[in-house]
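# Test case, fold it:
(2 chains)
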Amino acid sequence: MTRDLTPPSPLSIDGEGRTSGERVPGSPNPSPSPFMERGPGGEVDLSVSVGPLTLRNPVLTASGTFGYGPEFEGFVDFDRLGGLVTKGISLAERAGNLPPRIVETSSGMLNAIGLQNVGFQRFVTEKLPFLERVSCAVVANVYGSALEDYVELARRFQAVDRVDAIELNVSCPNVSAGGVVFGKDPEMLRRVVAGTRAVFRRSLWVKLTPDVSDVAAMARVCHDEGADAVSAINTFRGMAVDLDRRRPVLANVFGGLSGPAIKPLALARVFEVARAVPIPVVGIGGIMTARDALEFLLVGASAVQLGTANFIDPAVSMTVIDGLGQYLTERGITRITELIGAITVPGR
Amino acid sequence: MTPVRTRAHVVGTSREGVYARVTLDAPGLPASVPGHFVMLGLPGRHDPLLPRPYSLYGRDGDRLEVLVAEVGKGSRLLARLLPGDPVDVLGPLGTPFPEPDGRPTLLVAGGVGIAPLRYLLQAWPPLKASSTLVFGGRSGAQVFVPREAPARVLLTTDDGSAGLRGTALDGVREALAGDDPARYTMLACGPDPMLRALVHAWAPRMGGLWASLEAHMACGMGACLGCVVPDGRGGYLRVCQEGPVFGREALMGRYRD
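Numbering: from 1, shown residues only, chains lettered A, B, ... in the order given. Predicted structure coming up:
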């Protein structure tokens, strides 16, 4: 794997905007096979395309589970990772919710962090320099409490070349204003995607909530308004009860459920969404292993995000990438893209 | 120091009052100091899912000890492991206790909060001569005199079944009776209400003050933001990064309310 040692300047504004997909993260020279991974039995190609963005492999780390990157230095080789999605970034810094913020449930966890983040300006001055030194794709998760916030953030991120894509967070269950409100109402979703699309020229992803009756319908709205991909899905709104104290466990009452408990729910959503829209789907929900990731690819995801798994093993993304290569090698599959959407449903 | 994640194995478990002392062989775990904690996970299970944070109770080369109070599913499983059982260890993590500042030291433990203070006594032998240990618990089974304890130990129990009847706070009052608290540094670990009461009663008057906080956390590495406590100024401090050991100013902010 070659490594781009000439990072672009963080705030150089390119008047025309960069053509989407022009730069391949980590590879200044996308010649014939820039992404071959050497496995035990030869070379396999793990690279995937998510719309105009090419990733060296389909493994990203999910927003809110990976900080801004440096938290995982020493565990993760950022020049091997497919990409990272930042903690949700808002225009202004946010303190987040009162604790208790997390609780473990059966094979999962609830969180109600409340989008504690450093805000756009501190992200650029404090967090971006680290990301400039590594070559994985960088996706900025953006959160607003009003339509104008999303548009303004998209406008500002347009000027941050290192950010390959933005992922609209219209699915956070843990904030009182904005967030999931935009992801549950098709008309509001239409406006937020259209508004950000008008000012952001690189890859635009939309992270969908599963807490709607028809996720595929929401994905269609995103496609109609020009999104490059949808991330499916965010956490499910849940609750834990302290029986003896007769109180909710979380100060926020509700939290987002993640972890292996939601994997079957997530697979069903990804399967539906992938069939409903022609744009790529980034699969998320309880992925712990390479086999889990491959199941998401089979039902139609072009890439995946690991979330809660990062808390259990900070190096899990590396293990999953290794496992993907090994699976392909063992079965004589040369390109991982052969598996995307390759599920067969007997009788249908 | 960069933490590492390593596959450890149980060397043995023994009782320490109501607690289980679990000794692990964790090859490659970097050097630690008192106040550091580790995340302990049971491999190959999804329930419990997340690793659990434990302050180090003791350390000798690759061997580490934790003190487990059985309070839930994770701790019950951990306390009942058998020699040879695998445990994933991530650590050492967090901001530990500073080096002793030379003042006479008052160690204040509540229940399983004895863990990092016992490691202090193990790691810094001079403390044995220069410190007093106040160790409070609900009843006699919750308190014990650790092997490395200083000459002066005050046990307190809510029911009077061992030591003084009362709380660790009463023990502190007794230990400092007639003395100037400004001469002492207090190092404490225990349940939140105990620490809150200690900070309210003594923080401004102690020569030095450090306390190790407990919190639920998912990652232990500053990423999940699940373990935060209020800083008293509208923001939050991560127990896993800025703590678990906090100094006087942070503690007064955290317990301002």
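# Need the nearest residue in space to B:T95, chain neighbours excluded.
Excluding the flanking residues, the one nearest B:T95 by Cβ to Cβ, 6 or more residues apart in numbering or on different chains is B:V245, at 5.5 Å. Placement of C-beta: from N, CA and C, glycine included.
# That neighbour is in contact with B:G94, isn't it?
Yes: shown here, B:V245 and B:G94 form a contact pair, counting by Cβ atoms under 8 Å, at 7.2 Å.
# Need the residues touching each of the two.
Listed as contacting both B:V245 and B:G94 by Cβ atoms under 8 Å, 6 or more residues apart in numbering or on different chains are B:G35.
# Could I get the buried residue list for the helix or strand containing B:L90?
In this structure, B:L90 is located in strand B:86-93 according to DSSP states H and E. Within strand B:86-93, the residues scored as buried using 16 or more other Cβ atoms under 10 Å in any protein chain shown are B:87-93.
# Sheet partners, orientation included, of the strand ranked longest in chain B?
Ordering each strand of chain B by length in residues (DSSP state E) puts strand B:4-16 first. Sheet pairing of strand B:4-16 (DSSP bridges) gives strand B:19-25 (antiparallel), strand B:86-93 (antiparallel).
# before we move on, back to that, check contacts around the residue nearest to B:T95.
Contacts of B:V245 (Cβ under 8 Å, 6+ apart): B:35, B:94-98, B:116, B:210-213.
# So it versus A:E104, what's the distance?
According to Cβ to Cβ, to the nearest Å, B:V245 stands 25 Å off from A:E104.
# ok, the residue of the stretch 151-257 of chain B found nearest chain A - contacts?
Closest approach between the stretch 151-257 of chain B and chain A, counting by Cβ to the nearest Cβ: B:G226, at 3.5 Å. Taking Cβ under 8 Å, 6+ apart, we find B:G226 in contact with A:99, A:101-102, A:111, A:113, B:215-219.
# and with 10 Å instead?
Contacts for B:G226 (Cβ atoms under 10 Å, 6 or more residues apart in numbering or on different chains) come out as A:99-103, A:109-113, A:311, B:50, B:215-220, B:238-240.
# Same question for A:G74.
Contacts of A:G74 (Cβ under 10 Å, 6+ apart): A:314-315, B:2-5, B:221.
# Surely A:K207 and A:G88 touch.
Yes: using Cβ atoms under 10 Å, A:K207 is in contact with A:G88, at 9.3 Å.
# Show me which of those two is the more surrounded one.
A direct count of neighbours by other Cβ atoms under 10 Å in any protein chain shown for A:K207 and A:G88 places A:K207 higher, at 29 against 25.
# Quick one, grab the pLDDT at the nearest residue to the more buried one once chain neighbours are set aside.
Nearest in space to A:K207, with sequence neighbours left out and distances taken as Cβ to Cβ, 6+ apart, is A:S231 at 4.1 Å. Per-residue pLDDT puts A:S231 at 98.
# Would you mind measuring from A:S231 to chain B?
Applying Cβ to the nearest Cβ, to the nearest Å, the value for A:S231 to chain B is 19 Å.
# cool, A:L128 as well?
18 Å.
# Could you check how many residues crowd around that residue?
22.
# Test my guess that it contacts A:P70.
No: using Cβ under 10 Å, A:L128 makes no contact with A:P70, being 11.2 Å away.
# Let me see the backbone angles for A:F157.
Dihedral angles of A:F157 (phi, psi; degrees, to the nearest 10) stand at phi -70, psi -20.
# Tell me if I'm right that it and A:F123 touch.
Yes: between A:F157 and A:F123 a contact is recorded at 9.5 Å, counting by Cβ under 10 Å.
# between the two, what contacts are shared?
A:89, A:140, A:163.
# Dump those residues to JSON lines, plus pLDDT, distance to B:G137 and secondary structure.
Shown next, in JSON lines, are these (pLDDT from 0 to 100; distance: Cβ to Cβ, whole Å; DSSP: H, G, I helix; E, B strand; the rest coil):
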{"residue": "A:I89", "pLDDT": "97", "distance to B:G137": "46", "secondary structure": "strand"}
{"residue": "A:A140", "pLDDT": "98", "distance to B:G137": "49", "secondary structure": "strand"}
{"residue": "A:V163", "pLDDT": "98", "distance to B:G137": "53", "secondary structure": "coil"}
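# Not counting sequence-adjacent ones, nearest residue to the residue of the stretch 51-200 of chain A found nearest chain B?
Using Cβ to the nearest Cβ, the closest approach of the stretch 51-200 of chain A to chain B is made by A:I102 at 3.5 Å. Spatial nearest neighbour of A:I102, chain neighbours left out: B:G226 (3.5 Å); criterion: Cβ to Cβ, 6+ apart.
# quick one: the one you found from A:F123, how far?
Here B:G226 is placed at a distance of 21 Å from A:F123 (Cβ to Cβ).
# The residue in the stretch 51-200 of chain B that chain A sits nearest to - how many residues pack around it?
Relative to chain A, the nearest point of the stretch 51-200 of chain B is B:P51 (6.4 Å; Cβ to the nearest Cβ). With neighbours defined by other Cβ under 10 Å, the count for B:P51 comes to 24.
# Repeat that for the one 3 residues further on.
By the other Cβ under 10 Å criterion, the neighbourhood of B:Y54 contains 23 residues.
# what sits against it?
B:22, B:37-40, B:64-68, B:75, B:78, B:89, B:91, B:112, B:115-116.
# Would you mind listing which of those are buried?
Looks like the contacts of B:Y54 have B:22, B:37-40, B:64-68, B:75, B:78, B:89, B:91, B:112, B:115-116 buried, using 16+ other Cβ under 10 Å.
# which bits of the stretch 151-257 of chain B sit near chain A?
B:215-231, B:233-236, B:238-239, B:241 (Cβ under 10 Å from any Cβ of the partner chain).
# Which stretches in the stretch 1-150 of chain B count as helices?
B:73-79, B:114-123, B:127-130 (DSSP state H, counting those that start in this stretch).
# Is A:V181 located within a helix, as I assumed?
Yes: read with DSSP: H, G, I helix; E, B strand; the rest coil, A:V181 is one of the residues of a helix.
# Thanks again, I'm all set now.
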